[in-house]
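Peer 1: sequence plus the predicted model coming up.
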Amino acid sequence: MNAIDPTFATSIDFYVILASILFVIGAFGVLIRRNMIVLLMCIELMLNAVNLLLVAFSTYYGKGDAQIFVFFIIVVAAAEATIGLSILIMAYRNNKATDAGLFKNLNG
Amino acid sequence: MSIELLTLIIGGLTIGAALMVVISKHPIRSVLFLIVTFFLISSLYILMNAQFLAIVNIIVYAGAIMVLFLFVLMLLNLNKESEPNTPKIVLISSVVASGILLLVLIAAFKDSIHLSHVHLPTEKNIGLVKNLGDLLFHKYIVPFEVSSILFIASMVGAILLAKREKPIID
């Protein structure tokens, strides 16, 4: 891989590397942050990295099927954000904070 | 400006905005940087000729999901630095772990598929509404209907979870 090559940006390699970096940034955020709402946002970031890679390969192979999968990922992400935020509201009502470490009180 | 340079600049900005989501201390700033990231990813979709998906990404992600996050943040009044500082050992080990994850991902991709210097073709009408709707309503009609059941289930679950419980009278 030669990054100096001016056609690098339109090759599939660029999108593979970009999506990997975005996914790793999301995983890094899940590791270091304690706020639950930021954790949910990092999960959205990881889902978007996967979406980017799917769209890149859809364009690369010239077929639209992967873009349909991106639609379904968006649907699942919306459902997941709804449920996650309502769980967060319940946790906030119980102990007035959104620290992820508070969930350790749940083990019986 | 050539399209290669534009793609490189947008990719770099995307990585920077995603890093700011993780680094910034205020949750509101994280949400706003995440919206910036989604707009940049949508512009990458446009550069890859996925026009309809770019619009859907802006409307659904930046318009609906992020507004939901902002609503919850402002409703719970969380716009303050309530987060304790991460311990140094956790920070260092997280950096090492994510670096190793990135290394493994890129090494695996580079060894499994030899796609160097294979350029994206410029098929113009893959991402248009006509083609995608044809696929969605003929080949993928069953998953489409199942996803509506998923939405109803998540809606019922959200109402049930967020409803205030009645006090138990004993």
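Peer 2: That came through fine.
Peer 1: does any bit of the helix ranked longest in chain B sit next to chain A?
Peer 2: Counting by DSSP state H, the longest helix found in chain B is helix B:88-112. Yes: using CB under 8 Å from any CB of the partner chain, helix B:88-112 reaches chain A at B:90-91, B:94-95, B:97-99, B:101-102, B:105-106, B:109-110. Backbone N, C-alpha and C define where each C-beta goes, glycine included.
Peer 1: out of those, which end up buried?
Peer 2: Those of those that meet the buried threshold are B:94, B:98, B:101-102, B:105-106, B:109, by 16 or more other CB atoms under 10 Å in any protein chain shown.
Peer 1: quick one on the thing from earlier: which other residues reach the longest helix of chain B?
Peer 2: A:1, A:16-17, A:20-21, A:23-25, A:27-28, A:31-32 (CB atoms under 8 Å, 6 or more residues apart in numbering or on different chains).
Peer 1: got a PyMOL select line for the buried ones in the residues you listed?
Peer 2: To isolate the buried members of the contacts of helix B:88-112 in PyMOL, using 16+ other CB under 10 Å:
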select buried, chain A and resi 16+17+20+21+23+24+25+27+28+31+32
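Peer 1: JSON lines for the contacts of helix B:88-112, including secondary structure?
Peer 2: Compiled in JSON lines, these are given as follows (DSSP: H, G, I helix; E, B strand; the rest coil):
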{"residue": "A:Met1", "secondary structure": "coil"}
{"residue": "A:Val16", "secondary structure": "helix"}
{"residue": "A:Ile17", "secondary structure": "helix"}
{"residue": "A:Ser20", "secondary structure": "helix"}
{"residue": "A:Ile21", "secondary structure": "helix"}
{"residue": "A:Phe23", "secondary structure": "helix"}
{"residue": "A:Val24", "secondary structure": "helix"}
{"residue": "A:Ile25", "secondary structure": "helix"}
{"residue": "A:Ala27", "secondary structure": "helix"}
{"residue": "A:Phe28", "secondary structure": "helix"}
{"residue": "A:Leu31", "secondary structure": "helix"}
{"residue": "A:Ile32", "secondary structure": "helix"}
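Peer 1: not counting its neighbours along the chain, what's nearest residue 18?
Peer 2: Answering for chain A, as no chain was given. B:Gly11 (5.0 Å; CB to CB, 6 or more residues apart in numbering or on different chains).
Peer 1: look at chain B instead
Peer 2: A:Ile25 (4.6 Å).
Peer 1: list the contacts for the one you found?
Peer 2: Counting by CB under 8 Å, 6+ apart, A:Ile25 has contacts A:45, B:15, B:18-19, B:21-22, B:98.
Peer 1: what do you get for A:Gly101?
Peer 2: Shown in contact with A:Gly101 (CB under 8 Å, 6+ apart): A:Arg34.
Peer 1: and B:Asn77, by the same measure?
Peer 2: With CB under 8 Å, 6+ apart, B:Asn77 has no contacts at all.
Peer 1: tell me the mean pLDDT over the longest helix seen in chain A?
Peer 2: Taking DSSP H as the criterion, chain A has its longest helix at helix A:65-95. Throughout helix A:65-95, pLDDT has a mean value of 89.
Peer 1: quick one on the thing from earlier: beyond the longest helix of chain B, next helix or strand please.
Peer 2: helix B:129-134 (DSSP states H and E).
Peer 1: run through who's touching that following helix.
Peer 2: A:64, A:67-68, B:52-53, B:125.
Peer 1: center of the chain - which residue?
Peer 2: No chain in the question, so chain A it is. Centroid-nearest residue in chain A, with CA atoms, centre = their mean: A:Met46, separated by 2.1 Å.
Peer 1: actually chain B
Peer 2: B:Phe38 (6.4 Å).
Peer 1: export the helix or strand containing that one to CSV, keeping only CA atoms.
Peer 2: Following DSSP H and E, one finds B:Phe38 within helix B:27-47. Coordinates of each C-alpha in helix B:27-47 appear next as CSV, following Å, rounded to 0.1, in the frame of the first residue of the first chain:
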residue,chain,number,x,y,z
PRO,B,27,-21.9,14.9,26.9
ILE,B,28,-23.6,17.6,24.9
ARG,B,29,-20.3,18.3,23.0
SER,B,30,-20.1,14.5,22.4
VAL,B,31,-23.5,14.5,20.8
LEU,B,32,-22.8,17.5,18.6
PHE,B,33,-19.5,16.0,17.4
LEU,B,34,-21.3,12.8,16.7
ILE,B,35,-23.8,14.7,14.5
VAL,B,36,-20.8,16.2,12.7
THR,B,37,-19.4,12.7,12.2
PHE,B,38,-22.7,11.5,10.7
PHE,B,39,-22.8,14.4,8.3
LEU,B,40,-19.2,13.6,7.2
ILE,B,41,-20.0,10.0,6.7
SER,B,42,-23.1,11.0,4.7
SER,B,43,-20.8,13.0,2.4
LEU,B,44,-18.6,10.0,2.0
TYR,B,45,-21.8,8.1,0.9
ILE,B,46,-22.4,10.8,-1.7
LEU,B,47,-18.9,10.4,-3.0
